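>>> mind folding the following:
(one chain, ligands or ions: 2)
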Amino acid sequence: MAQDAIALLEADHHRVEELFREYKSAGDQQAKLHLAQIICMEITLHSMVEEEIFYPEFARATGDEQMLEHALKEHQEVKDLIARVPTAENLDGAIEAIKQHVLHHVEEERRGMFAKAKASGMELATLGGRIQTRRAEVADAIQEA
Ligand SMILES: [Fe+2]
Ligand SMILES: [Fe+2]
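Ligands and ions are numbered 1, 2, ... in the order given. This next block holds a predicted model:
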């Protein structure tokens, strides 16, 4: 039995929130660099399954193009920040900027899109299965690269 799409996406959100806390308490630069890489990869993977699977279904079910556009704009802002991480002179500052954007975006998804999706009658269990499959495929591809 596949997990519900929103439960899966929220599990990603919690994982990334936890990674930001780990980054903050990390002692040395090596640990920070490692965590920064994991944070960027987790966010990239999460944004991808939202954009490929959850967001289009949300737009179909609710017709709320405005909420979709807004979420995509925020994803783009985070992608731009992630792209700067490898060359960032101030890694703490770069991660902090990502964290601020991500926490804001996650809060909006919780109160806005996810609440609306739950009320819309979307097939959340079916979507959860598709998200899990896609996530696993891409995670494997990253590990083999
Ligand atoms: Fe998102
Ligand atoms: Fe999300």
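>>> got a list of what the most centrally placed residue in the chain touches?
In the chain, the centroid-proximal residue (Cα atoms, centre = their mean) is residue 46; its distance is 3.6 Å. By Cβ atoms under 8 Å, 6 or more residues apart in numbering, the residues touching residue 46 are 9, 12-13, 16. Just so you know, the C-beta spots here come from the backbone N, C-alpha and C atoms, and that holds for glycine as well.
>>> hey, where'd the strands end up in the chain?
Using DSSP state E, no strands are found in the chain.
>>> pLDDT below threshold where in this structure?
Along the chain, the parts satisfying pLDDT under 70 run over 1-2.
>>> mind listing what's buried along stretch 57-67?
Judged by neighbour count (16 or more other Cβ atoms under 10 Å), stretch 57-67 contains these buried residues: 57-59, 61-62, 64, 67.
>>> now flag whichever of those residues is closest to residue 24.
residue 67 (30.8 Å; Cβ to Cβ).
>>> pretty sure the closest one contacts residue 111?
No. Using Cβ atoms under 8 Å, residue 67 is not in contact with residue 111; the gap is 11.1 Å.
>>> let's see if you can find the most crowded of the contacts of residue 46.
Counting neighbours by other Cβ atoms under 10 Å, residue 9 leads those with 25 neighbours.
>>> list the contacts for that residue?
Counting by Cβ under 8 Å, 6+ apart, residue 9 touches 46, 49-50, 54, 109, 114, 131.
>>> okay, those residues in CSV with distance to residue 139 next?
Listed next are these as CSV, based on distance: Cβ to Cβ, whole Å:
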residue, distance to residue 139
46, 11
49, 10
50, 15
54, 17
109, 21
114, 23
131, 12
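>>> burial count for residue 87?
7.
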